[in-house]
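Using only what follows, build the 3D model:
(chains A and B)
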Amino acid sequence: MATLELDSITKTFQDGDEEIVAVDDVSMSIDDGEFLVVVGPSGCGKSTTLRMIAGLETITAGTLSIDDRVVNDVKSQNRNIAMVFQSYALYPHMSVRQNMSFGLEESTDLPDDEINQMVSETGEMLGISELLDRKPTDLSGGQQQRVALGRAIVRDPEVFLMDEPLSNLDAKLRAEMRTELQRLQNNLGVTTVYVTHDQTEAMTMGDRIAILDAGELQQVATPLECYHEPANQFVASFLGEPSMNFFDVTLEGDRLVADVFEYPIDEDVRSDLGDVTDLVLGIRPEAVELVDEAGDHEFETTVDVVEPMGDENTVYLHFDPDADPEHAEALVATIDGFNRVSEGNTVTARIPEDAVHLFDRATGEALHNRSMEDAAEQIDL
Amino acid sequence: MSDGELRTDGGATTDVRWNLEGVTIEDAALYIVLLLAAAFYLVPIESGLVTSFKTGTAIVETAPFAPPGASGLTFEKWGSAIDALLRGMGNSLLYAVPATVISAFVGSITAYGLTIPTWKKSYKAVVLMLIIAGIFIPYQAVLVPLTQFWSQWVQLGEALSFVWALGIPNDYAGIIELVITHVAYGIPICTLLFRTYYKTMSEEMIESARLDGATLRRVYRRIVLPLSGPMFAVVLIYQFTQIWNDLLFTLVIVSTESSPAAPVVLILAGLGTSLEGQDFALRMAGAFFAALPTLAVYILFGEEFAEGVAA
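Just a heads-up that it's a prediction; the model follows:
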């Protein structure tokens, strides 16, 4: 168990004469026993960051420390780190038991019977006792995944690194393993860095999530903070499914003027904006309500498409009924599954002022986020 | 692919076929061609084999590929061939086996060093290029330097005088020279073959072993080497056949068939030839006998060989 500290970590690759920055000045500290999820689109540098922590890539600049010990030049095998790979990376010529003992045999001087016992105990914990004598090729994907996990757990490392460990599983198994991994990590209390591109995994699993884009760290915060108080437009758009609605707006007095609507804002919101006038208005689909009364924040819209999901419907709304639906800006709303609207209907959509986000259009930085009062209680839990 | 397979894509083959209980003309033509090809390749072997059992008169009176018949059948030639070649067989094994095994191992380790560990790519490329260049040096081009090397620069015969004092004929220095020469010439191709194989190994698996605390040496010993089986089969078969059949180096290094250290190829070259003419039956029997070890190696590693070639 250990703390992990990344201080201005940078990684550049040389491609001919060109220098490619894969990870740009990333700093974060991970507490002892914390589960940190690093998330971002492919190519954002999240795997490279993980590989630098593992010692599989050299660090171009910055310092990496485990428990206040700088490990930049410490070899992988001496960092006391265990990693679970996306491909599981099991040794195909060894039985499950041998796969799990390998790390202990190579990194410790423990006697064979002790190693055997530890492997058996870990096998029991993961429910793979009966698989110990089989070869990896005889196992299903889910079983192989457990073995890869067991191989990491049995070594009792200071830090767990996981590189998209669930992405090769089918949806149902993935959901199960998500819960199980969280429970395991909680019980073991080992500091964990978990890399994924899946925002559901990020939201549900991590104590905190770190969002990377183009090698730069966008935000490190609890999942709910990232969701409700995104640091910038990228974070806001990356988290949430369907993703947040964005409209380019211009501040004129106390009104936000978009191509198709005008949105009045009150003094509190106005004061957050300073003298920035080119803005992006963001609203989460679930914050949009379909109402009967009219008002300043209510807009008449036409239903373009309804996607029933069972418990809820995703509806695509257009402000201008005559607009070409292919190109017109759509307002996406998720509404109750029993709320029957159908294509072509005219409905009134409310964009509640306490739920809007406003971003600086030039920098993407968040200037105003939704009120956290309602969400605050959940975070404190 | 074949017509026996069910088509599930809904498409229909449009060409008209002459169906005869599932066998089409195309199938029949295919099998006829295959049979002819098989016969074409097998006839020389079959001719050689039947010839080796024929008496002198039978060779003159029957066609080369025809069986000898009861009166023309003899096992005498096989007997003489085995008598003549047995000691050469032992000598050949004495250098072919160590040279094969050593070149395979050295090739495997070299390839490992050139693929898995991280060191500067530009250095790797240069080392690899030098090794690969070794494959393209023709044997004939090195015959003179090779002779000079073993006769003037490295005189094993003298260096190992304590061995000959034990009663072993000092001609056996030639066997050691053959081992070293064949290892040196085998390393490039072995390295190339193993390198291709190691390139396909899962990088994550190796990284995982490194993170598990294994050193580079241990990764080779416990992960890479045990997984190299199929490629070892390919390399062992290839190298053994090459070394066993090579006449050029044995001619240069051992040179005389009367030497106690004469390899089988050297004796075979002169077997059954005399002033009176060629004893075809003896030559054939000798050739088949001398080829037995290479055949045995194929059979021994056949399954792994197929796997290795597929990889």
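
beta partners of A:Asp278?
A:Asp278 has these beta-bridge partners by DSSP bridges: A:Thr250.

In this structure it contacts A:Arg361, no?
Yes: with contact defined as C-beta atoms under 8 Å, A:Asp278 counts as touching A:Arg361 (4.2 Å). (Each C-beta comes from the backbone N, C-alpha and C, glycine too.)

the more surrounded of those two?
A:Arg361 (18 against 12; other C-beta atoms under 10 Å in any protein chain shown).

give me phi/psi at the more buried one?
Phi and psi for A:Arg361, reported as degrees, to the nearest 10, are phi -70, psi -30.

who's in contact with it?
A:248, A:278-280 (C-beta atoms under 8 Å, 6 or more residues apart in numbering or on different chains).

can you check A:Asp304 too?
Taking C-beta under 8 Å, 6+ apart, we find A:Asp304 in contact with A:316-318, A:325, A:330, A:343.

Using ChimeraX, define a selection of the buried residues within the residues you listed.
Buried residues among these (16 or more other C-beta atoms under 10 Å in any protein chain shown), as a ChimeraX selection:
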select /A:316,317,318,330
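
Where strands are concerned, which of the contacts of A:Asp304 count?
Residues of the contacts of A:Asp304 located in strands (DSSP state E): A:316-318, A:330.

quick one: the strands in the stretch 201-350 of chain A?
Secondary structure of the stretch 201-350 of chain A by DSSP state E, counting those that start in this stretch: the strands cover A:208-213, A:216-221, A:245-252, A:255-257, A:262-264, A:278-283, A:289-291, A:298-308, A:312-318, A:330-336, A:346-350.

May I have the last one exported as CSV, CA atoms only?
Which is strand A:346-350. Coordinates of each C-alpha in strand A:346-350 appear next as CSV, following Å, rounded to 0.1, in the frame of the first residue of the first chain:
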residue,chain,number,x,y,z
THR,A,346,-44.9,20.0,-30.6
VAL,A,347,-43.8,20.1,-27.0
THR,A,348,-42.6,22.8,-24.6
ALA,A,349,-39.1,22.1,-23.3
ARG,A,350,-37.8,23.8,-20.2
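
Which secondary structure element is home to A:Ala22?
Using DSSP states H and E, A:Ala22 sits within strand A:18-30.

And the ones in strands among the contacts of A:Asp304, which is the shakiest by pLDDT?
The weakest per-residue confidence within the ones in strands among the contacts of A:Asp304 falls on A:Ala330 (85).

so what's that residue bridging to?
A:His318.

so who does it touch?
Here A:Ala330 is in contact with A:245, A:304, A:316-318 (C-beta under 8 Å, 6+ apart).

Could you rerun that using 7 Å?
A:304, A:316-318 (C-beta atoms under 7 Å, 6 or more residues apart in numbering or on different chains).

what's the answer for B:Gly134, then?
By C-beta under 7 Å, 6+ apart, the contact set of B:Gly134 is B:Pro188.

8 Å instead?
By C-beta under 8 Å, 6+ apart, the contact set of B:Gly134 is B:185, B:187-188.

ok, so of those, who is nearest A:Val356?
B:Pro188 (69.7 Å; C-beta to C-beta).

element containing the closest one, please.
Secondary-structure assignment from DSSP H and E places B:Pro188 in helix B:173-199.

what's that helix packed up against?
Applying 3 or more C-beta pairs under 8 Å, 6 or more residues apart in numbering or on different chains; DSSP states H and E, we find helix B:173-199 packed against helix B:76-115, helix B:121-135, helix B:156-159, helix B:229-245, helix B:248-253.

Within range of chain B, give me the residues from chain A.
Proximity of chain A to chain B, by C-beta under 8 Å from any C-beta of the partner chain, involves residues A:54-56, A:76-79, A:81-83, A:85-87, A:89-93, A:102-103, A:106-108, A:151, A:155.

If any of those are buried, put those into a PyMOL selection.
For the buried members of the residues of chain A next to chain B, the matching PyMOL selection, counting by 16+ other C-beta under 10 Å, is:
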select buried, chain A and resi 54+55+56+76+77+79+81+82+83+85+86+87+89+90+91+93+102+103+106+107+151+155
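
Mind checking which of the residues of chain A next to chain B are in helices?
Among the residues of chain A next to chain B, the members found in helices (DSSP state H) are A:54, A:102-103, A:106-107, A:151.

helix, strand or coil for the closest residue to chain A within the stretch 51-200 of chain B?
Taking C-beta to the nearest C-beta as the measure, the stretch 51-200 of chain B has B:Thr118 as its residue closest to chain A, at 8.7 Å. Under DSSP: H, G, I helix; E, B strand; the rest coil, B:Thr118 falls in the coil class.

centroid residue for the chain?
Looking at chain A here, since you left the chain open. A:Ala202 (3.2 Å; C-alpha atoms, centre = their mean).

um, chain B though
Centre-most residue of chain B, counting by C-alpha atoms, centre = their mean: B:Thr241, 1.8 Å.

ok, it touching B:Phe301?
No: B:Thr241 is not in contact with B:Phe301 according to C-beta under 8 Å; the separation is 11.3 Å.

so what's B:Ser108 up against?
Contacts of B:Ser108 (C-beta under 8 Å, 6+ apart): B:190, B:194, B:225, B:228, B:231-232, B:235.

Going by neighbour count, which of the residues you listed comes out on top?
Using other C-beta under 10 Å as the neighbour criterion, B:Cys190 leads the contacts of B:Ser108 with 30 neighbours.

Check what pLDDT that residue gets.
Residue-level pLDDT assigned to B:Cys190 equals 95.

State the distance from it to B:Val126.
Counting by C-beta to C-beta, to the nearest Å, the separation of B:Cys190 from B:Val126 is 19 Å.

For A:Ala287, which non-adjacent residue is closest in space?
Leaving aside its sequence neighbours, A:Ala287 sits nearest to A:Ala355 (C-beta to C-beta, 6 or more residues apart in numbering or on different chains; 3.7 Å).

just checking, that neighbour touches A:Ile283?
Yes: A:Ala355 is in contact with A:Ile283 according to C-beta under 8 Å; the separation is 6.2 Å.

shared neighbours, those two?
Common neighbours of A:Ala355 and A:Ile283, counting by C-beta under 8 Å, 6+ apart, are absent.

In chain B, what residue comes closest to chain A?
B:Gly213 (2.9 Å).

Once you drop chain neighbours, what's closest to whichever residue of the stretch 51-200 of chain A sits closest to chain B?
For the stretch 51-200 of chain A and chain B, the shortest gap (C-beta to the nearest C-beta) falls at A:Ser107, measuring 2.9 Å. Distances taken as C-beta to C-beta, 6+ apart put B:Gly213 closest to A:Ser107, at 2.9 Å, once the chain neighbours are dropped.

check contacts around that neighbour.
For B:Gly213, the contact set (C-beta under 8 Å, 6+ apart) comprises A:77-78, A:103, A:106-108.

next one: A:Leu169
Taking C-beta under 8 Å, 6+ apart as the criterion, A:Leu169 is in contact with A:141-142, A:145, A:177.

Setting the sequence-adjacent residues aside, check what's closest to the closest residue to chain B within the stretch 201-350 of chain A.
Per C-beta to the nearest C-beta, A:Glu201 is where the stretch 201-350 of chain A lies closest to chain B, at 19.6 Å. Once flanking residues are discounted, A:Glu201 sits nearest to A:Arg178: 6.2 Å by C-beta to C-beta, 6+ apart.
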